[in-house]
Structure formats: C-alpha cells, structure tokens
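Participant: Any chance you can model this:
(chains A and B, ligands or ions: 2)
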Amino acid sequence: MAHASHMHSNAAHEAGHDGHHDLEELRKFGFWIFLITDCILFSALFATYLVLKDSTAGGPTGKEIFEMPGVIAETFILLTSSFTSGLAVLAMNAGSRKGLMGWLAVTVLLGACFIGLEITEFVKLVEEGHNISSSAFLSAFFTLVGTHGLHVTLGLFWITALIIQLSRHGITPVTQRKVHITSLYWHFLDAVWIFVFTIVYLMGVM
Amino acid sequence: MLDKIKEFASWFFVTGDPLIYGADIAIALTTAAIIFVLTYFKKWKWLWREWLTTVDHKRVGIMYIIASLLMLFRGGVDALLMRTQLAFPDMQFLSPEHYNQVFTTHGVIMILFMAMPLMFGLFNIAVPLQIGARDVAFPFLNSLSFWLFFMGAMLFNMSFVIGGSADAGWLSYPPLSEMTGSPGVGQDFYIWGIQISGIGSLMTGINFIVTIVKMRAPGMTWSKIPMFTWSVLSSCITIIIAFPVLTVTLALLFLDRYLGAHFFTMDGGGNAMMYVNLIWMWGHPEVYIVVLPAFGIYSEIVSTFSKKRLFGYGSMVFAMMSISLMSYFTWLHHFFTMGSGANVNTFFAITTMIIAIPTGVKIFNWLFTMYRGRLTFSTPMLWSIAFIPCFVVGGMTGVMLSVAPADFQFHNSYFLIAHFHQVLIGGVAFGYFAGLYYWWPKMFGFKLNETLGKWAFWIWNIGFYVCFMPQYFVGLDGMTRRVSTYSWDTGWWGLNFTSTIGGFLMGIGFLFQVWQIAHSIKFMEKDTTGDPWNGRTLEWSIPSPAPLYNFATTPQVTERDDWWEEKERIAAGKAPKPQPVLEPIHMPKNSAIPFIQSVCWFAVGFGLVFHWLWIAIPGLLGVGITMLAHSFNYDTDYYIPVDEIIRTEEAARRSV
Ligand code: HEM
Ligand SMILES: [Cu+2]
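Facilitator: Ligands and ions are numbered 1, 2, ... in the order given. The predicted structure follows:
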C-alpha cells in the first residue's frame, strides 16, 4: 500500500496535474527561509559576544586561553567536510548511489572529528577552571561556539539517518531533496564557522 | 517518609490562597468532567483521529481558536482581579506579591497565548481558502506548530498551581528575573512556556510564507492577492525576523539561571541593558505581528460590507510591507529613559513617528472604501468600524509617547497602560473578533446570532471606553503602572473605580459572546449558500464548512476579488468560467508525531523548570526519536478518488 501510493505520487509528479507536483521544491524553499531565521539567531549570538567579549571580570581574555593550532585544525577539517558533501551531491547527480553514500559517510566522519576536537577544547578549558560561569566573556564564548557545535551535531545525526534511508530507498525525488537540503545546511554551518573563526578566535588572539 | 512527602507537596504545590484552592478544585473538576464525557460518549477514538492527529489546516485553525478563547477567559479573569484590587485599594484583595504575578501572567497570556493563537487560527482558516490552495505548504509542521503552542501555554499556565508564577513583568527584565531576583521556579516556567510555543510560532511564520509565495491558484498574480493574505505575509516576514531573537534572549536568560552564566547579571561582567535591547528587538515587532493581520481583516470586511473594491490596494500593500520591515528599527522607543543618549533617542523617535504614516494611509483607505458604498452593518462590520476611532486615539497617544522628551513624563504611567490597551484591544482584539464573526460560517457552516452579537458588541465597546479613558487621566495625574494600591489623598480613587466598572462591562460583553455561541449552536441559522455575506474572495466560492480538500478543482484566477467578478459576470448573463474535470486529489495523511513530540517538549520544559533531569533527558530523547521517526516515514500521503469527491460535492450541494 505504502509503495503503491508512492508510485502513484511519482507518476503524478511527472504528469504535474495534482497541484502538488512541486512538493519537493516547496520544501527546499521552506528550508531557505529556515536558514534565514538561523542566520538571525546566530547574528544575535554574535552581537552578544561582541558586546561581552571584553567583560572578563578579572578572568582570562581570549588571548590567554585560545589555542590556535587546534582551532586551525578544526577549521581545516570542517572546510574539507563541506567539500566532501559537495562531492556527495555530484555523485548523486551522476546517479551513483555508492559514491553518494560514501561521500556522505566521509562527511559525517570529518564532522565527528570536528566535534571531537571542539569537545576536547572545551573540556580542557573547564579543567583549567574557565567555564561558562567564570565571566560574561566566557558565557558568550561557550554559548556561541557551543550553539554552532550543537548545530553540527544535529547535522551528523541527520546525515547518518539519510545514509540509512538511501540504502533502503535509493535515489528518489524525496531522498534527492533531502540530500540537497542537508548539504545546504552543512555549507551554511561552514559559513557560520568562518565567522566564528574570524570574530572569536582570530580577533581574540590579535 | 510521610513528613518528607508533606514537605515536598507543600513546596511543589502552591498553597495558602483561597483563589488557588478554587483553581485547584476547578481544574480537578473540569478534568474529571472531560474524561467522563469522553468515556461515556465513547469519544476518545474520535478525538484522537479527528483532532489530535489531524493535519487539516481548518481543524488546526479551529483548535487554535478554541485554545485562545480559553486563554482570553483566563487572561480576562486576571485583569478583573487586578481591577478589583485597584477599585478597593484598602481591601488587600490581592497582596502586592500576588498582584505582581497576576499582571505578569495577564500580559504574557494575552499577548502570547491569546492574541497569537487567535491570529494563527484565522491564518489557518482563511489563507489557504483565499488563495485557492488545498492546504498549507507543510501540513505536518502546521500541526506540530499548534501542539508546541498548546504545550507551551499549558506549561506556563500550570505555574499558577504548581511551583508558583513568574512575577517580573511580561518581559521579565533582569536583574529581577535572575536567580537573585526570582529564586523560585516561576521564571523558568516563563522561559520554557514561551520558548516552546515560540518555536511553534517561528515554524508557522515559515510555513505561511511558503504557502503564500508558492501555492497560490494559477492566475493569482501578486496584484490579485486578497488583502488578508497580504497582511499575513507581512506579519510572517516580521515573525521570521523577530522570533529568532526571542529564542536567543530566553536561552541566554535560562543559561544565566541554570548554569550561572553572566549574560545579564550584576556581577561577572554581565550587561542587563543588553537584555532590554534584545527583548524589545522582538517585543516591538511583536505588536506589529499581531496588528498587521487585523489590518488585513478590516480590509476584507470593509470592502465586503461596502460592496466595493478596496480603495488604494497598492498603497495598502506598500504600507503593510513597509511597516513589517520598519517595525524592526523602532525597538528602542521602549526605553527612552534608560540613558542611551540624545542621538540614539532621536533616531528612534523619528523612526517611530514615520511608522505612523503608513498606518494613517490605511485608515483613509478604509474610509474611502466605505464612502458611497452600500453599507450593511452586520457584526463583523460593526467591529471593524469601532476599530477606527479607537485606533486613531490610541495611535495619537502613541505618537505622544514617541516624543522622547515627553516620554520621560509618561513613562511607566497609567497613560502608557491606557495607550497600549487601546491599540491592543481596539486594534488587535476587535480585529480578530471581526474576523472570527466573518469566517465563522465558513468554519462551521452556520452563522452566529446577530442580535446577541450586537449586544455583545455594544457592551464591549462601552466597557472599553469606560475602562481605559479614565486611565489616561489618572496617568497624567501621576499614577504609575504595576502598583497594587495607593492612598486616598492621591485623589485617584474615582477614576480607578470607574475604570474597574468598565473592565467588568467588558467581562459581561465576553459572557454575551459565549452565550451567543451557545445559542447559535442550538438554534443555528444554517448557511446553505457557502457565501452568506456576499463575499468577494475565493473562500466564499466553496460550500460551508469547506470540504476536506477545499476545492474540488483548482480555481483559475483572472481578477482581483475573483469570486465577486465571477458573480457579476453570471448576473450579467455571461457564462460562468468552465470547470476543469475532476481528478484524484493528493492529500497528506494524519500523524500522531506532532502531538507526541510536543508532549516530549513539555517534559523537557517541565524537567528543566524543576531541574529534574530524569524528566528532561527522556523528554529530549523522545523529541529526537520522534524526529527520526518522521524522517523515516515515507508513507505520508494518499489520494481521494474522484467518485468520493463527486459524492462529497453532491452532498454539499444537496444541503445548499
Ligand atoms: C479585556 C480587558 C483588559 C483589562 C481590564 C486589562 C487590565 C490590565 C491591568 C489592570 C493591567 C495592569 C496594569 C498595571 O498595574 O501595571 C494590565 C497589564 C497588561 N495588559 Fe491588560 N487588560 C485587558 C486586556 C488586555 C489585552 C487584550 C492585552 C493584549 C493583547 C493586554 C495586555 C497587557 C499587558 C502586556 C500588560 C502589561 C503587563 C506588565 O505590566 O508586565 N491586556 N492589563
Ligand atoms: Cu514599540
């Protein structure tokens, strides 16, 4: 039954007669608007960070605690993962399910490395006694960077779920749209990270 | 052991006030009654299938409206409690602490849990029908939005009997709302109640933008979109800009309270002023979010009941769009007195005054639409007309407040209270009432009784002026807001007492509306035409209540006010538009996930309020699992076959 109705809706897509032939398009458009809202959310966090970045309440400044080699490695890994998610889309467009799933898996792995490094960085800071309640600066730092990390983590679950779905259903209009959306999301997180890198870390150590 | 339980209960439940015990009993009795009725009439399955899991935008809309009317009742009772206290300042009817809680919950409930859902209800009822669509863009998400709102509202309301309510005002400024100022759980109920429902609002904003941009019937170009739909679009644009800021603000406040962060605290380098900026960056647009759709409703109603095209369509659209964007640049007028400096104050005073211009344009457009029209004064029209003087006075006092130096005088006085109630009640509540009366037949297939409606209308209106006009004067006389008592030598008693009488009159007006609904259900005037008001837009071209699939065939739009023009053509003896042949209709399937996921969110909120991770973490897991379950579900739609459409349409026509 499930399958039959699905077939029907695909046939209808081709015929384009039921007023819903652009369902997948709608979802992509909706996702773009969601990204706008997410942009505003991050803007509010960046603004907060900029207001509070010098309010260290006698505690350490960014210059004293940021360790650039780790951060540069994180940046490099995330940028690469953005690239591999692009390769996944290319593989999909070429019709290669194996290539698609493979590149998505690589993307997930790289994302996981990124999160691993970030967690290590946070744990180290906390062990040194610099936590979210140490100063307004650190509150803003952990919240901004942590929110980005949370987004990446969600993305990891999402892409993993998508890989499983691809292995079950193959490349269909639905999975195709999902791949497009997750890759858009992933590039977006990459762009946000570039701002984090510049505004938080680079400006912090300069 | 028993002692432990007793100790826990006396901390967990709010005790010691007859009002609270009354509420406890009322809640217990109502719950028992609902369970009994559902069980006795074997309605559980019906409730689950037809309502809790529905993704039909019309049903979602009806649920929004029911919930918001309940919240209007609760917020209204709060208002009357406050007014009673102020009429008898010596009686100690409400203690000062209790008064603080009541004005806080009143403000939050009225704006977030009454006005917003009533607005979303009307979006859901009218927008897809007006643009000739089968549904909203994301029906599943729509149902999720509703349930998130509902669970958020319930969480917030619960604080009255469990744990204690927030008392730091409807915007909860720190340091009052920090742990130091509010060590209880009330503030956390505030944060999570609003946060959860706010996520729902944000998703509704996205949903309706996509619906309006992408799902209009063929031929409905930008210049043919009905005015209410335009107003919804402008409101939703404001929602997607403003609500993410609210999400951030509440999250930061929560981190301060829960993890001891220092965003807004007095120590640790925090900056309380930043909270005030952030919250008003949402708060000011919020008032335009709720008023823009009311403008759209007035436009529909005024042209329908004048039997004329709306005057100045283009300028109306332009005015709404510019308000929706400009509203983002006026937030600071809410704290002229907080030392931002003269230049900053001047900038925001000017932006605030500029925004009054498009609003004025709209009022003239409505007046010109009525001018030389064939007017009929049905209840929707009455509410729309009553809005005009109300909004003019409210708008003018608003401009008075926007003059930064003058605001140093009016700030925090009853003058302000009178002003914003005048715009919120006269502009927003009256508008939604008008819309509710207008679209009621489309929702339920019968009209509301006009005689009782007119009684309700007049009592509300007289009550309104009796209540709020005296407040301008008592404000100029120096009475500040948020005071629960005053001494006799201030000379404020007469004005306050009068104001309270007005408040109760509005309460009676509300009772008349309840009576009107009950009476009309019993002796309904069935709407057999589908077009009881001789309407102009597409929603009136289909039977009432609208069938599940809305339009049997997708309408082809050729004019603005397409349905009206079609009727004119037919009256002039021309052939009606040819109807395309019927085809199977693609529909979304019901889903239990939105409801279940929202219950999980409720658990997250509740757990975090009490710092009980053993509730919050399973809740969060539930949220994640339901999300995955939805993602893995590929069986989400079905087709209504042609013979079923024919049967439904014939049944509808037979009742015609
Ligand atoms: C229906 C009749 C209403 C009456 C009699 C009424 C009365 C009151 C009173 C007495 C206060 C407290 C003033 C003070 O001491 O500071 C108040 C505050 C407030 N009301 Fe209403 N109200 C009504 C309807 C509404 C509606 C429809 C809305 C919004 C849509 C609303 C929004 C608010 C807000 C935001 C506050 C400020 C709360 C705060 O100070 O934190 N009210 N109202
Ligand atoms: Cu404002």
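Participant: Surely B:Pro293 touches B:Thr238?
Facilitator: No: in this structure, B:Pro293 is not within contact of B:Thr238 by CB atoms under 8 Å, at 10.6 Å. (C-beta placed from N, C-alpha, C; glycine too.)
Participant: more neighbours, those two?
Facilitator: Using other CB atoms under 10 Å in any protein chain shown as the criterion, B:Pro293 and B:Thr238 rank with B:Pro293 on top: 31 against 25.
Participant: Can you list phi and psi of B:Gly163 for me?
Facilitator: Backbone geometry at B:Gly163, expressed as degrees, to the nearest 10, gives phi 90, psi -30.
Participant: B:Tyr638 now?
Facilitator: The phi/psi pair for B:Tyr638 (degrees, to the nearest 10) is phi -150, psi 170.
Participant: So, low pLDDT: which residues of chain A?
Facilitator: Residues of chain A that meet the criterion pLDDT under 70 lie in A:1-21.
Participant: how does it look with 90?
Facilitator: For chain A, the stretches flagged by pLDDT under 90 are A:1-25, A:206.
Participant: same thing with the stretch 1-150 of chain B?
Facilitator: Looking at the stretch 1-150 of chain B by pLDDT under 90, you get B:1-2, B:6-11, B:13-24, B:26-27, B:91-93.
Participant: Return the residues of it in contact with ligand 1.
Facilitator: The stretch 1-150 of chain B comes close to ligand 1 at residues B:Gly76, B:Ala79, B:Met82, B:Arg83, B:Phe103, B:Thr104, B:His106, B:Gly107, B:Met110, B:Ile111, B:Ala115, as judged by CB under 6 Å from any ligand atom.
Participant: So which of those reach chain A?
Facilitator: For chain A, no contacts are drawn from these by CB under 8 Å from any CB of the partner chain.
Participant: Just flag the most distant two among those residues.
Facilitator: Longest distance between any two of these is 19.7 Å, between B:Arg83 and B:Ala115; criterion CB to CB.
Participant: So between these two, which is more surrounded?
Facilitator: B:Ala115 (27 against 20).
Participant: OK, contacts around that one?
Facilitator: Applying CB atoms under 8 Å, 6 or more residues apart in numbering or on different chains, we find B:Ala115 in contact with B:Ser68, B:Val290, B:Leu424, B:Val428, B:Ala429, B:Tyr432.
Participant: Can you name every helix or strand that the helix or strand harbouring the last one contacts?
Facilitator: Per DSSP states H and E: B:Tyr432 is located in helix B:430-444. In this structure, helix B:430-444 makes packing contacts with helix B:57-87, helix B:116-130, helix B:272-306, helix B:379-402, strand B:446-447, judged by 3 or more CB pairs under 8 Å, 6 or more residues apart in numbering or on different chains; DSSP states H and E.
Participant: repeat that for 7 Å
Facilitator: Using 3 or more CB pairs under 7 Å, 6 or more residues apart in numbering or on different chains; DSSP states H and E, the elements in contact with helix B:430-444 are helix B:57-87, helix B:116-130, helix B:272-306, helix B:379-402.
Participant: which strands and helices sit next to the helix or strand just after the longest one?
Facilitator: Okay, so that is helix B:272-306. Counting by DSSP H and E, the next helix or strand C-terminal to helix B:272-306 is helix B:313-326. Packing contacts for helix B:313-326, counted by 3+ CB pairs under 7 Å, 6+ apart, involve helix B:227-259, helix B:272-306, helix B:342-370.
Participant: for whatever residue of the stretch 151-300 of chain B ends up closest to chain A, what are its contacts?
Facilitator: Nearest to chain A in the stretch 151-300 of chain B, going by CB to the nearest CB, is B:Gly269, at a distance of 3.0 Å. By CB atoms under 7 Å, 6 or more residues apart in numbering or on different chains, the contact set of B:Gly269 is A:Leu52, A:Ser55, A:Thr56, A:Ala57, A:Ser135, A:Ala136, A:Phe137, B:His262.
Participant: pLDDT at it, what is it?
Facilitator: On the pLDDT scale, B:Gly269 is placed at 93.
Participant: From B:Met320, how far off is the closest residue to B:Ala429 other than its chain neighbours?
Facilitator: Distances taken as CB to CB, 6 or more residues apart in numbering or on different chains put B:Ala115 closest to B:Ala429, at 7.2 Å, once the chain neighbours are dropped. Here B:Ala115 is placed at a distance of 18 Å from B:Met320 (CB to CB, to the nearest Å).
Participant: Just the angle for the longest helix along chain A relative to helix B:227-259, thanks.
Facilitator: The residue-count maximum for a helix in chain A (DSSP state H) belongs to helix A:136-169. Between helix A:136-169 and helix B:227-259, the angle comes out at 120 degrees (axes from the mean of the first three to the mean of the last three CA atoms, to 10 degrees).
Participant: Would you mark the buried spots in helix A:136-169?
Facilitator: A:136-145, A:147-149, A:151-153, A:155-156, A:158-163, A:165-166 (16 or more other CB atoms under 10 Å in any protein chain shown).
Participant: Now do the helices in chain A.
Facilitator: Taking DSSP H, the helices of chain A run over residues A:2-15, A:23-52, A:62-65, A:68-93, A:97-127, A:136-169, A:173-195, A:203-205.
Participant: closest one to B:Leu608 among those helices?
Facilitator: Smallest distance to B:Leu608 across those (CB to CB): 15.7 Å, for helix A:136-169.
Participant: Just the angle for that closest one relative to helix A:68-93, thanks.
Facilitator: Relative orientation of helix A:136-169 and helix A:68-93, computed by the same axes, to 10 degrees: 30 degrees.
Participant: Quick one: classify B:Gly478 as helix, strand or coil.
Facilitator: Secondary structure, DSSP: H, G, I helix; E, B strand; the rest coil: B:Gly478 is coil.
Participant: what's the least confident stretch among the helices and strands packed on helix B:313-326?
Facilitator: Sorting the helices and strands packed on helix B:313-326 by mean pLDDT places helix B:342-370 lowest, at a mean of 90.
Participant: How about it, which residues are buried there?
Facilitator: Buried residues in helix B:342-370, counted by 16+ other CB under 10 Å: B:345, B:347-349, B:351-352, B:355, B:358-359, B:362-363, B:365-366, B:368-370.
Participant: which parts of chain B sit against chain A?
Facilitator: Within reach of chain A by CB under 7 Å from any CB of the partner chain, chain B has these residues: B:134, B:137-138, B:202, B:206, B:209-210, B:214, B:240-241, B:244-245, B:247-248, B:252, B:255, B:259-263, B:268-271, B:274, B:278, B:554, B:583, B:586, B:628, B:631-632, B:634-635, B:637-639.
Participant: Give me the spatial nearest neighbour of B:Met370, chain neighbours excluded.
Facilitator: Excluding the flanking residues, the one nearest B:Met370 by CB to CB, 6+ apart is B:Ser306, at 5.1 Å.
Participant: picking up where we left off before, quick one, which of the helices and strands packed on helix B:430-444 is packed in tightest?
Facilitator: helix B:116-130 (a mean of 27; mean count of other CB atoms under 10 Å in any protein chain shown).
Participant: Just the closest residue of the stretch 101-250 of chain B to ligand 1, please.
Facilitator: Closest approach between the stretch 101-250 of chain B and ligand 1, counting by CB to the nearest ligand atom: B:Gly107, at 2.9 Å.
Participant: didn't that residue look like it was pressed against B:Ser172?
Facilitator: No: the pair B:Gly107 / B:Ser172 is not scored as a contact, 10.1 Å apart, by CB atoms under 7 Å.
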